[in-house]
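J.: sequence plus the predicted model coming up.
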Amino acid sequence: MVCHGTQICPVRSDQPTSLQFSEVSCTLSTSVDLPHQVHLMAAVLDPLVGSCITKLQEIIAEKAVLILGVKDELKKLQGAMKQIRCFLDDAEQRRIEESAVNNWHSDLRDAIYDADDIVNSARFEGSKLLKDHPSSSSRNSTACCGISFLSCFPVIQKRHEIAVKIRDLNDRVEKLSKHGNNFLHLGAGPTGQGSTSKQRTATLTPLASGRTIEVL
């Protein structure tokens, strides 16, 4: 969907998330230069990262996370997001405008939405397991105590599924963090990706989840 002039971007409401905006104002011409694209994406990402950090902080303190045994992984993700937020601020202050930074913004945006989905899933599944096995939250988070093996299996399965998703996302975010560090220390993108002032067509493209904007 192409954004002509000022347009309100629809947001899906079937998957509630604190990272959704009720509306996004897109004041774009039919052609936007790279510096404008970079700064626009940075302006959109900064509050998204902040909301993600806050949401991670909230869920880390919840009992639902204890029963899943993923508290340490979520703390690691939160730390990486805080570091990335620093990179965003520094890149904006230094006016780094390489095309690689724009690509980095897009990858970061996708990771933020994935993090939000994982947090929602962890909260839902953890609360569900906590309701079914309330005694587990006060015991060793990696063991099913006082319940049968058959009752314990779903708990272990859910823990594993969510833990794998968080670890995979942590790997992605760590790579993004390293790339962000490269931009700041080298003043440019990764080797072979120099800056450019090429004009690009501005489009408004929702993800599969229908929740985001992309300027290409």
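T.: Everything's here; your move.
J.: what's the longest helix along the chain packed up against?
T.: Assignment by DSSP state H gives helix 149-186 as the longest helix of the chain. Here helix 149-186 touches helix 63-68, helix 71-93, helix 99-132, going by 3 or more Cβ pairs under 8 Å, 6 or more residues apart in numbering; DSSP states H and E. Backbone N, C-alpha and C define where each C-beta goes, glycine included.
J.: which strands and helices sit next to the first one?
T.: Under the contact criterion of 3+ Cβ pairs under 8 Å, 6+ apart, helix 63-68 touches helix 99-132, helix 149-186.
J.: can you say which of those helices is nearest to residue 89?
T.: helix 149-186 (10.3 Å; Cβ to Cβ).
J.: for that closest one, list every residue counted as buried.
T.: For helix 149-186, burial by neighbour count (16 or more other Cβ atoms under 10 Å) applies to 152, 155, 158-159, 162-163, 165-166, 169-170, 172-173, 176-177, 179-180, 182-183.
J.: report the rounded mean pLDDT for that helix.
T.: The pLDDT scores in helix 149-186 average 79.
J.: just want the angle from that helix to helix 71-93.
T.: Relative orientation of helix 149-186 versus helix 71-93 (axes from the mean of the first three to the mean of the last three Cα atoms, to 10 degrees): 20 degrees.
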